[in-house]
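Participant: Using only what follows, build the 3D model:
(one chain, ligands or ions: 1)
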Amino acid sequence: MKTTHNFNAGPCVLPKQAIESTIDAMRNFDNTGVGLLEISHRTPGWERIMKETEGFWRELLDIPEGYKVLFLGGGASTQFFCVAANLLNKKAAYLQTGVWAKKAAKEARYYGEVEIVGSSEDRNYSYIPKGYTIPKDADYFHITTNNTIYGTEIKTDMDSPITLVADMSSDIMSRPVDVKKYGLIYGGAQKNVGPAGVTFVIVREDILGKVERKLQTMVDYRTHIAESSMFNTPPVASIFVMHETLKWLKELGGLKEMHRINNEKAQLLYNEIDRNPLFVGTAEKEDRSIMNICFVMSEGHKEKEADFMAYAKECGMVGIKGHRSVGGFRASVYNACPVESVKALVACMQEFERRSK
Ligand SMILES: *Cc1c(COP(=O)(O)O)cnc(C)c1O
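Facilitator: Take a look at the predicted model:
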């Protein structure tokens, strides 16, 4: 098989070790003689995996007392309305940094008033709005920390006068996070902590139970807290891969080390984008994401786009086509993307420059 470098935006590259151990478990889970896809989620071996997975989350992110960690189905998109159903009484504030943020706000409007406190839609979400005011009379303030499509990121944990809610689908576990600054953190696992099919929710328990409306059983976070994410059948296989992915992350040295490596990867690629006259980055420099790196052909070289795409494919690059709303290229360099893949992409860009002369 030819060497490939996987830059898919999600689902995306996973640690090799996680894939290998999952294949083994698919055949024979926990020495039961039964495969992972065939076990009952009520077996003791599975309960241990659930506990250990939660343990990895608590340890890696240093999650304080009073917070619960849930593993649910439905994707981040389901959380768009679950968050609002559980937390929105009258009004919520949203920072509109991309279409995911816009979709989250749209779902919140089913439950109450939504104030968009800032938006970067005017320049196709190429920057993070600044200088906005968080309304103190809102029930919560919702942010999207990493904007997967546009390659912008809120890289620090902000202070908010009201409950801070964050969609961290595409940068969770890429850096240490000060969890106590947030009331709720959620995301789909398929960008940085596992495959599609499982959604994580980290919630400070005391913010729940304050809305006046009646909640459907499955929508109410308290249902899942009471049953340790096993009120209904959990996405067993997806959670297992997440378990193996987090085990890898812990063995690698945890989030400080991961953050160092992620910064190094991002820097390598941004340096080349800034140096190479054929390419230009699309995100505002100070807001550049370390997870999704977006770039296009520079002025005067636009016609080379298809040629570079073809050459990159020849070099083994997979998934570098930019999202249709941005165009050009996007390299998603999530945790499991090896630094060797980034170096190979840089070398490919340099060779393309030489051949273009
Ligand atoms: C991918 C993504 C989503 C959507 O996640 P699903 O699990 O597919 O619903 C939401 N927010 C962000 C930031 C994403 O990157």
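
Participant: per-residue pLDDT, the most centrally placed residue in the chain?
Facilitator: Nearest to the mean C-alpha position of the chain, by C-alpha atoms, centre = their mean, lies residue 170 at 1.7 Å. According to the prediction, residue 170 has pLDDT 98.

Participant: go on, residue 2?
Facilitator: Looking at residue 2, its pLDDT is 80.

Participant: what about residue 331, neighbour count?
Facilitator: A total of 28 residues lie near residue 331 under the criterion other C-beta atoms under 10 Å. Every residue, glycine included, has its C-beta placed from N, CA and C.

Participant: who does the helix or strand where it lies touch, helix- and strand-wise?
Facilitator: When elements are defined using DSSP states H and E, residue 331 is found to belong to strand 329-332. In this structure, strand 329-332 makes packing contacts with strand 292-297, helix 305-314, judged by 3 or more C-beta pairs under 8 Å, 6 or more residues apart in numbering; DSSP states H and E.

Participant: same question for it, mean pLDDT?
Facilitator: Strand 329-332 shows a mean pLDDT of 98 in the predicted model.

Participant: Determine how far that strand lies from the middle of the whole chain.
Facilitator: Average the C-alpha atoms of strand 329-332, do the same for its chain, and the two points are 15 Å apart (C-alpha atoms, centre = their mean, to the nearest Å).

Participant: Start the count at 48 instead of 1 going forward.
Facilitator: Sure, I'll start numbering at 48, so the last one becomes strand 376-379.

Participant: ok, and what's touching the helix or strand just after it?
Facilitator: Reading on from strand 376-379 to the C-terminus, the next helix or strand found by DSSP H and E is helix 386-403. Contacting residues not belonging to helix 386-403 are listed as 52-54, 60, 308, 311-312, 315-316, 319-320, 323-326, 348, 351, 354-355, 358-359, 362-364, 367, 378, 380 [C-beta atoms under 8 Å, 6 or more residues apart in numbering].

Participant: List only buried entries from those residues.
Facilitator: For the contacts of helix 386-403, a neighbour count by 16 or more other C-beta atoms under 10 Å gives the buried set as 52-54, 60, 308, 312, 315-316, 319-320, 323, 325-326, 348, 351, 355, 358-359, 362, 364, 367, 378, 380.

Participant: Out of the residues you listed, which are close to the ligand?
Facilitator: Residues shared between the buried ones among the contacts of helix 386-403 and the neighbourhood of the ligand: none [C-beta under 6 Å from any ligand atom].

Participant: domains for this protein, by residue range?
Facilitator: Each structural domain of the chain that the record assigns through automatic domain parsing is listed here as a residue range: 63-299, 301-403.

Participant: Which positions in this protein make contact with the ligand?
Facilitator: Counting by C-beta under 6 Å from any ligand atom, the residues of the chain lying close to the ligand are 57, 122-124, 147, 191, 195, 214, 216-217, 235, 238.

Participant: Next, format the residues you listed as a markdown table and append distance to residue 398.
Facilitator: Written out in a markdown table, the entries for those read as follows (distance: C-beta to C-beta, whole Å):
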| residue | distance to residue 398 |
| --- | --- |
| 57 | 28 |
| 122 | 38 |
| 123 | 37 |
| 124 | 40 |
| 147 | 35 |
| 191 | 36 |
| 195 | 28 |
| 214 | 38 |
| 216 | 34 |
| 217 | 29 |
| 235 | 35 |
| 238 | 29 |
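
Participant: Alright, I will stop here.
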